[in-house]
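> Next one to model:
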Amino acid sequence: MARTLPLPTSPSLSRSDGVPRRRGLIVVLSVLAGALIAALWSFRFVDSVIGDNVANTLLGYDAKQTAIGGLAAGTVFAFVSGLAGTFTACNIAVFGAIAPMAGSPAAGSRRFRAVLRPLSRLALGMVVVSAVYGAVGALLGDRLPQLSAVQTASGLPPRLIQASVVFGLIGLAFVYLGLAALRVVPDPFARLSGRFPHARIVVVGALIGGFLVGRPFPLFHKLFEYAAATRNPFYGAAVFVLQSLGNITLMALLFVVLLYATRGRFTQWLTASPTRIAAITAVTFLVVGAFTFLYWDVRLPAMFGYGWFPTASW
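Sure thing, here's the model as predicted:
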């Protein structure tokens with residue numbers, strides 16, 4: 001009797017331990033995607049065309065030219081300017097939080113909890129950092145580089161030097177988290193995950209809150225100056241928290257839509273394979289991390305004559 005030969009099978013796309021194959025390719029392509037976005041990014045378009053128009057429409061007046069008329073007006077301005085700054089180069093990384101939130105431990109529960117728990121953990125880390133910095137900023141005022149008018153010998157304004165340092169560190173942190181998702185480097189949350197399953201999301205929220213520490217967005221700079229003029233740390237903390245909440249509003253709405261519009265199928269698809277969630281989480285973190293670092297620590301200095309980075313002309 002002739003023996004039946006086994007049919008050839010396609011090579012597995014994942015390893016048995018849930019780690020994606022071709023991790024090197026994932027890393028290279030993700031970093032290249034981040035570099036491409038950094039090269040094509042138009043800060044004039046997102047800051048002025050999108051940011052200013054959104055703020056002007058919601059507030060009903062010229063947000064840049066009109067003085068903030070009191071504490072209540074400043075409170076409204078804080079949230080609106082945060083919403084208007086959703087797509088700025090110092091905030092776009094918030095969308096990288098969607099994949100890890102969808103794959104969080106609450107994702108398998110009922111949809112309301114699947115939405116509320118990850119968002120609340122993200123907000124917790126974000127609120128703590130933004131509140132502390134808002135209070136400190138209101139007390140220190142122009143003693144911080146972010147509000148300093150001092151001219152430096154390098155030609156870079158102090159606020160941009162602070163932005164370069166802060167966003168460079170945040171970008172590298174996202175890159176590390178992406179590499180950890182692929183198990184290229186040790187996972188900093190490996191030991192914490194058993195006792196604190198939401199620790200990763202809280203830290204991502206803290207990184208998002210850290211965006212305010214270096215943000216040069218003109219509308220935020222205006223809010224910062226007003227908060228510092230009050231010398232009230234509680235008011236500074238409150239408006240900075242509202243600014244951060246405005247920053248993540250569209251991302252939170254997108255997360256809600258993905259869970260409810262798909263009736264949970266998005267989460268089920270994402271978490272059906274450990275390899276899939278690892279790969280998607282890694283890609284999102286690596287892309288936003290590479291973009292953030294390259295934009296603020298390579299492209300920005302190049303604009304002032306320090307090095308070179310390819311930049312679109314628009």
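> quick check: mean pLDDT across the helix or strand where residue 268 lies?
Using DSSP states H and E, the secondary-structure element containing residue 268 is helix 265-271. If you average the pLDDT over helix 265-271, you get 79.
> List the buried residues in it.
By neighbour count with 16 or more other Cβ atoms under 10 Å, helix 265-271 contains the buried residues 266, 267, 270. Every residue, glycine included, has its C-beta placed from N, CA and C.
> so what secondary structure elements neighbour that helix?
Using 3 or more Cβ pairs under 8 Å, 6 or more residues apart in numbering; DSSP states H and E as the contact criterion, the neighbours of helix 265-271 among helices and strands are helix 98-102, helix 233-261, helix 274-294.
> Over whichever helix or strand comes after the shortest one, what's the mean pLDDT, rounded is fine.
Yep, that's helix 98-102 we're talking about. As assigned by DSSP H and E, the chain's next helix or strand after helix 98-102 is helix 111-140. Taken as a whole, helix 111-140 has an average pLDDT of 89.
> could you point out which element follows helix 111-140?
Of the helices and strands lying after helix 111-140 in sequence (DSSP H and E), the nearest is helix 158-181.
> and the direction of that next one versus that of helix 274-294, what angle?
160 degrees (axes from the mean of the first three to the mean of the last three Cα atoms, to 10 degrees).
> Just give me how far helix 158-181 sits from the chain centre.
Using Cα atoms, centre = their mean, to the nearest Å, we find the averaged C-alpha position of helix 158-181 to lie 10 Å away from the chain's own average C-alpha position.
> With stretch 148-158 instead?
26 Å.
> With only the CA atoms kept, save that stretch in PDB.
Presented in PDB, the C-alpha positions along stretch 148-158 are these (Å, rounded to 0.1, in the frame of the first residue of the first chain):
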ATOM      1  CA  SER A 148      11.000  81.500  30.400                       C
ATOM      2  CA  ALA A 149      11.700  84.400  28.000                       C
ATOM      3  CA  VAL A 150      15.500  84.100  28.300                       C
ATOM      4  CA  GLN A 151      17.300  83.800  25.000                       C
ATOM      5  CA  THR A 152      19.900  81.000  24.900                       C
ATOM      6  CA  ALA A 153      23.100  80.900  22.900                       C
ATOM      7  CA  SER A 154      21.900  77.900  21.000                       C
ATOM      8  CA  GLY A 155      19.000  79.800  19.500                       C
ATOM      9  CA  LEU A 156      16.600  77.200  20.800                       C
ATOM     10  CA  PRO A 157      14.000  78.900  23.200                       C
ATOM     11  CA  PRO A 158      14.000  77.400  26.700                       C
END
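> Kindly provide the whole-number mean pLDDT of it.
In this model, stretch 148-158 carries a mean pLDDT of 82.
> So what touches that stretch?
142, 145, 146, 159, 161, 164, 300, 301, 304, 305, 306 (Cβ atoms under 8 Å, 6 or more residues apart in numbering).
> State the distance from residue 129 to residue 229.
Taking Cβ to Cβ, to the nearest Å as the criterion, residue 129 is separated from residue 229 by 22 Å.
> Between those two, point out the one with more neighbours.
Ranked by neighbour count (other Cβ atoms under 10 Å), residue 129 and residue 229 place residue 129 first, with 21 against 12.
> my guess is the more buried one contacts residue 204, does it?
No - using Cβ atoms under 8 Å, residue 129 and residue 204 do not qualify as a contacting pair, with a distance of 11.4 Å.
> List the residues that contact residue 178.
By Cβ under 8 Å, 6+ apart, residue 178 lies in contact with 27, 30, 281, 282, 283, 284, 285, 286, 289.
> Look up the pLDDT of the second one for me, please.
Confidence at residue 30, expressed as pLDDT, is 97.
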